[in-house]
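Asks: when you get a sec, could you give me coordinates for this:
(6 chains)
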4 protein chains.
Amino acid sequence: MQPRYQRRKDARPAEITEAAMAAFAENGYAATRVDDVAKRAGVSKGLLYLYFKTKEDLFKAVIRSFIAPRIDQLSNTFEKSGLGAEAFIRGPFLAFVKTLPDSPIRILVRLMVSEGHKHPDLVEYYWEHVVSRGVGILKKIIQHGVDNGEFRRTPLLDTPQLLASPILFCVIWKTVFHAQDQLDSDTLIETHVDAMLDYLNAHSPQEKSR
Amino acid sequence: MQPRYQRRKDARPAEITEAAMAAFAENGYAATRVDDVAKRAGVSKGLLYLYFKTKEDLFKAVIRSFIAPRIDQLSNTFEKSGLGAEAFIRGPFLAFVKTLPDSPIRILVRLMVSEGHKHPDLVEYYWEHVVSRGVGILKKIIQHGVDNGEFRRTPLLDTPQLLASPILFCVIWKTVFHAQDQLDSDTLIETHVDAMLDYLNAHSPQEKSR
Amino acid sequence: MQPRYQRRKDARPAEITEAAMAAFAENGYAATRVDDVAKRAGVSKGLLYLYFKTKEDLFKAVIRSFIAPRIDQLSNTFEKSGLGAEAFIRGPFLAFVKTLPDSPIRILVRLMVSEGHKHPDLVEYYWEHVVSRGVGILKKIIQHGVDNGEFRRTPLLDTPQLLASPILFCVIWKTVFHAQDQLDSDTLIETHVDAMLDYLNAHSPQEKSR
Amino acid sequence: MQPRYQRRKDARPAEITEAAMAAFAENGYAATRVDDVAKRAGVSKGLLYLYFKTKEDLFKAVIRSFIAPRIDQLSNTFEKSGLGAEAFIRGPFLAFVKTLPDSPIRILVRLMVSEGHKHPDLVEYYWEHVVSRGVGILKKIIQHGVDNGEFRRTPLLDTPQLLASPILFCVIWKTVFHAQDQLDSDTLIETHVDAMLDYLNAHSPQEKSR
DNA sequence: AATGAATGAGTATTCATTCAT
DNA sequence: CATGAATGAATACTCATTCAT
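Replies: A predicted model of the protein is given here:
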């Protein structure tokens, strides 16, 4: 009958979720009004409640919409690339990582920091699906470097997230100080990676006592 | 039980501010009820409003109470120490930095990330009084190392905050994933500093062309 | 009992305004609770705030609802009547004026006296739309009487509101002393008009030196 | 011991009452804060409550402080003057009446109109001590004029307050429209008195049927 | 499916009043 | 007498949620 309506039916949840993402990103959870989300999505409040039972429901849907399948992709890329650890880090890894500070992940980080406390299940969810896997991949890469003689055995094997730490640093810095400072995140990240690789390289002559 | 009248005008603001700090840290700005802050402080709502005109006022007082005078202290320490750059970084700097991830700064960071958006003046305040100064000190130390031949000339001169980036990383990580993971922030920070110093050291034979 | 949903968007504002008029009339602005207005209107507080952004908004709407279009009507009546000034004053004018002391204008007067101070824009509004026009009509009538020889030239041309002053007098008197005294406002007003016309009449032989 | 203190002790209530009068005049009863009154009076809130048990108490004291003993004085003046009714009205009465619209009575009127409703005892008090007596004096004067042949018998004998009605009119007008219009109350009152006397004069040839 | 009028519990803020000092 | 810190009840206003249409 009314294809216009039917065609949109499937898209509705996503439309609302996107509007909500923008709203939550701007104001945080508590300060975001459901009314506003509905208005942004061009939908009535009533309809919104048809798709999401509560405001919290909507919030969770927003957070979940961030699942980064690229994490697994990164893992695959590494295994299929046949590259050495350093080459992979300097190549695909660095390229990927440099895109993050200006990606929508900023929103996710902001929301997790602000609201994570109240939604432990979401934190758990992200930990399991994204973060711990990411850390696992990093560990695998470093281990691979050690195994094939590229890298020394360093404490980085126990805290591989150090390799990716500048991402979080840049995201936070940009989120908070965007008005005060234009951080050159590319350079910062590259420098960090350079330093890490120096540190990891087995041919480095210094004694790393600790 | 408690005497109704305590007549301790001077201590009150600090008492209230501390209670508010705890409350804001737990729930964020919007989700914190003034009523609760008053209760925590063992004070009536009315009294709270005698000292702070609005909830926002209170919030700002909390944030401002974080001024880290230790920043300047660090600067002084460096200049008076007579230590070389590396020695200073490995010594007093590292010691100081390792205390941060578990200090109340966690709260500050959380609040700045969650609510900074809404209070640009506070962000500005912190930028001016704390962050930009901190960055300045880092730069001065590195520059000193370059000047006296300890360090190579690297991009770290332009993004000195990289030296301190793990602090923010650890704070965020612990804030969000305290239930999932016990991050060994000491090791992470030490490893990072080791790596940075390797990278900076002039005697390092590699070409850092980048 | 009452259906929760009445869906009568159009009538709502007027219903609320009327309830508010009664409440404000009874207690004045500050002492009227929005809750009470809502209750009187048989409506929830929330709905009230859907139509009026603030309590002051509501107050202004109430005051504005008093616009007396009869003012202009009076002017037209005079011009179309073809009556002489005295005949008009003794006829339509007197009839109209006698209705006022017991009309809802009492409320308006009370509110303007009590709250006018705080709402200068409302006073201005009424001055412009009602009072100054009313004074203008009075002046026109008297001037007409002078022009066609009915009336002498008297100071009433400069203070024509004197002709209508008993209205305000009666309203105030009744408002304040309703429990102490039953003022016969009809007689008072008629007497006043009689006196004014005597005074105005050109054939009156006395010298008005003043 | 402390004559400074003791000397003021007696004056305190009056000082507070005056400050309160100013405050109530500006804002009305409900919108006046006891704090403000105390501050205006240069006194602590606690002391204020030592003299006046409640805010309402204070209000009543303010209102009562207005008792116009001049009312009785006017009555005496009339009886001792030996003047005829017209001469008295044109003389001492007019002079007295013309002072009123700009006297503090404005405040009293405003307060009675705004708050009288809530304080019937005050209204009663004023009715008995001031207003009904004033009306009585007016009636006596007019009656005297009738008795000695100066005046005709008119309905003014039943509504003698008409003679004084412009006072109230001017007070209200000035209170409400001070920003819009500079009413020449002297002229208005004089004109009104002229007209009333014309009307009252027995030698006036017209038939006053009503 | 879609709307938006209607609800009411919840929150910031004010201010008369008290009372330890 | 005098103070002003302290209280808490009262009140304007918001917003998630419901439901007749």
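Asks: what residue spans form the domains of chain A?
Replies: Domain segmentation of chain A under automatic domain parsing yields A:3-64, A:70-200.
Asks: winner for burial among these?
Replies: Highest mean neighbour count among those (mean count of other CB atoms under 10 Å in any protein chain shown): domain A:70-200, with a mean of 18. Yep, even glycine has a C-beta here, placed from its N, CA and C like the rest.
Asks: is DNA strand E within reach of that one?
Replies: No. Domain A:70-200 lies out of reach of DNA strand E by CB under 7 Å from any atom of the strand, never closer than 13.5 Å.
Asks: follow-up on the earlier one: got the domains of chain A as a markdown table, with mean pLDDT columns?
Replies: Listed next are the domains of chain A as a markdown table, based on pLDDT from 0 to 100:
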| stretch | mean pLDDT |
| --- | --- |
| domain A:3-64 | 88 |
| domain A:70-200 | 93 |
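Asks: TSV please, covering the ones you listed and showing distance to residue B:18.
Replies: Output for those, formatted as TSV (distance: least, CB to CB, whole Å):
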stretch	distance to residue B:18
domain A:3-64	22
domain A:70-200	19
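Asks: right, and those domains - which one's nearest chain C?
Replies: Set against chain C and scored by CB to the nearest CB, those come closest in domain A:3-64, at 11.5 Å.
Asks: now find how far off-centre that closest one is within its chain.
Replies: Relative to its chain's centre, domain A:3-64 lies at 22 Å (CA atoms, centre = their mean, to the nearest Å).
Asks: how about the strands in chain A?
Replies: With DSSP state E as the definition, chain A shows no strands.
Asks: centroid residue for it?
Replies: Geometric centre of chain A, nearest residue: residue A:105, 4.7 Å, by CA atoms, centre = their mean.
Asks: in chain A, where's the longest helix?
Replies: The single longest helix within chain A, with elements called by DSSP state H, is helix A:3-27.
Asks: that one vs DNA strand F: in contact?
Replies: No. Applying CB under 7 Å from any atom of the strand, one finds helix A:3-27 out of contact with DNA strand F, separated by at least 9.3 Å.
Asks: which elements pack onto that helix?
Replies: helix A:34-41, helix A:45-51, helix A:55-64, helix A:105-115 (3 or more CB pairs under 8 Å, 6 or more residues apart in numbering or on different chains; DSSP states H and E).
Asks: closest to residue A:86 out of the ones you listed?
Replies: Of all the helices and strands packed on helix A:3-27, it is helix A:105-115 that lies closest to residue A:86, at 25.4 Å by CB to CB.
Asks: what angle do that closest one and helix A:55-64 make?
Replies: Helix A:105-115 and helix A:55-64 meet at an angle of 140 degrees, taking axes from the mean of the first three to the mean of the last three CA atoms, to 10 degrees as the criterion.
Asks: just to revisit the earlier point, out of the helices and strands packed on helix A:3-27, flag the one nearest residue C:51.
Replies: Closest approach to residue C:51 among these (CB to CB): helix A:34-41, 16.1 Å.
Asks: and the contacts of that closest one?
Replies: Here helix A:34-41 makes contact (CB atoms under 8 Å, 6 or more residues apart in numbering or on different chains) with A:15-16, A:18-20, A:22-23, A:44-45, A:47-48, A:55, A:58.
Asks: okay, those residues in TSV with distance to residue B:125 next?
Replies: Shown next, in TSV, are the contacts of helix A:34-41 (distance: CB to CB, whole Å):
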residue	distance to residue B:125
A:15	39
A:16	37
A:18	34
A:19	33
A:20	31
A:22	28
A:23	27
A:44	42
A:45	38
A:47	43
A:48	38
A:55	32
A:58	34
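Asks: distance of residue A:53 from residue A:61?
Replies: Separation of residue A:53 from residue A:61 (CB to CB, to the nearest Å): 10 Å.
Asks: flag every residue of chain A that's near DNA strand F.
Replies: Within reach of DNA strand F by CB under 7 Å from any atom of the strand, chain A has these residues: A:31-35, A:45-46, A:49, A:53-56.
Asks: so which of these is the closest to DNA strand E?
Replies: Nearest to DNA strand E, judged by CB to the nearest atom of the strand, of the residues of chain A next to DNA strand F is residue A:46 at 2.1 Å.
Asks: residue A:122 reaches residue A:57, doesn't it?
Replies: No. Residue A:122 is beyond contact range of residue A:57, at 11.7 Å (criterion: CB atoms under 8 Å).
Asks: which residue sits closest to residue A:13, ignoring its sequence neighbours?
Replies: Closest residue to residue A:13 apart from its sequence neighbours, by CB to CB, 6 or more residues apart in numbering or on different chains: residue A:51 at 5.1 Å.
Asks: please list all residues in contact with that neighbour.
Replies: Applying CB under 8 Å, 6+ apart, we find residue A:51 in contact with A:12-13, A:16.
Asks: hmm, try it at 10 Å
Replies: Shown in contact with residue A:51 (CB atoms under 10 Å, 6 or more residues apart in numbering or on different chains): A:12-13, A:15-17, A:41, A:43, A:57-58, A:61.
Asks: these also near DNA strand E: which ones?
Replies: Checking the contacts of residue A:51 against DNA strand E by CB under 7 Å from any atom of the strand, the ones in range are A:12, A:43.
Asks: export the contacts of residue A:51 to JSON lines and tack on distance to residue C:95?
Replies: Below are the contacts of residue A:51 laid out as JSON lines (distance: CB to CB, whole Å):
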{"residue": "A:12", "distance to residue C:95": "65"}
{"residue": "A:13", "distance to residue C:95": "68"}
{"residue": "A:15", "distance to residue C:95": "65"}
{"residue": "A:16", "distance to residue C:95": "64"}
{"residue": "A:17", "distance to residue C:95": "68"}
{"residue": "A:41", "distance to residue C:95": "61"}
{"residue": "A:43", "distance to residue C:95": "58"}
{"residue": "A:57", "distance to residue C:95": "67"}
{"residue": "A:58", "distance to residue C:95": "65"}
{"residue": "A:61", "distance to residue C:95": "70"}
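Asks: from the contacts of residue A:51, which is closest to DNA strand E?
Replies: Using CB to the nearest atom of the strand, the contacts of residue A:51 come closest to DNA strand E at residue A:43, 4.8 Å.
Asks: please state the backbone phi and psi of that closest one?
Replies: Main-chain dihedrals, residue A:43, degrees, to the nearest 10: phi -140, psi 160.
Asks: surely it is in contact with residue A:14?
Replies: No. Residue A:43 lies out of contact with residue A:14 (CB atoms under 10 Å); the separation is 11.9 Å.
Asks: name the residues contacting each of those two.
Replies: Applying CB under 10 Å, 6+ apart, one finds that no residue jointly contacts residue A:43 and residue A:14.
Asks: what's the closest of the domains of chain A to residue B:110?
Replies: Closest of these to residue B:110 is domain A:70-200, at 6.1 Å (criterion: CB to CB).
Asks: what's the end-to-end length of that closest one?
Replies: Using CA to CA, to the nearest Å, one end of domain A:70-200 lies 26 Å from the other.
Asks: roughly how far out does it sit from the chain middle?
Replies: 9 Å.
Asks: and chain A, which residues reach chain C?
Replies: Within reach of chain C by CB under 10 Å from any CB of the partner chain, chain A has no residues at all.
Asks: now the residue lying closest to residue A:153 once chain neighbours are set aside: how far from residue A:193?
Replies: Leaving aside its sequence neighbours, residue A:153 sits nearest to residue A:146 (CB to CB, 6+ apart; 5.6 Å). Look at residue A:146 and residue A:193: by CB to CB, they are 17 Å apart.
Asks: what's the answer for residue A:130, then?
Replies: Separation of residue A:130 from residue A:193 (CB to CB) stands at 21 Å.
Asks: do residue A:122 as well
Replies: 30 Å.
Asks: next: residue A:64.
Replies: Counting by CB to CB, the gap from residue A:64 to residue A:193 is 31 Å.
Asks: check residue A:166 too.
Replies: 8 Å.
Asks: anything in contact with each of these two?
Replies: A:97-98.
Asks: thought residue A:28 was touching residue B:27?
Replies: No. Contact criterion CB under 10 Å: residue A:28 and residue B:27 do not qualify, at 11.2 Å.
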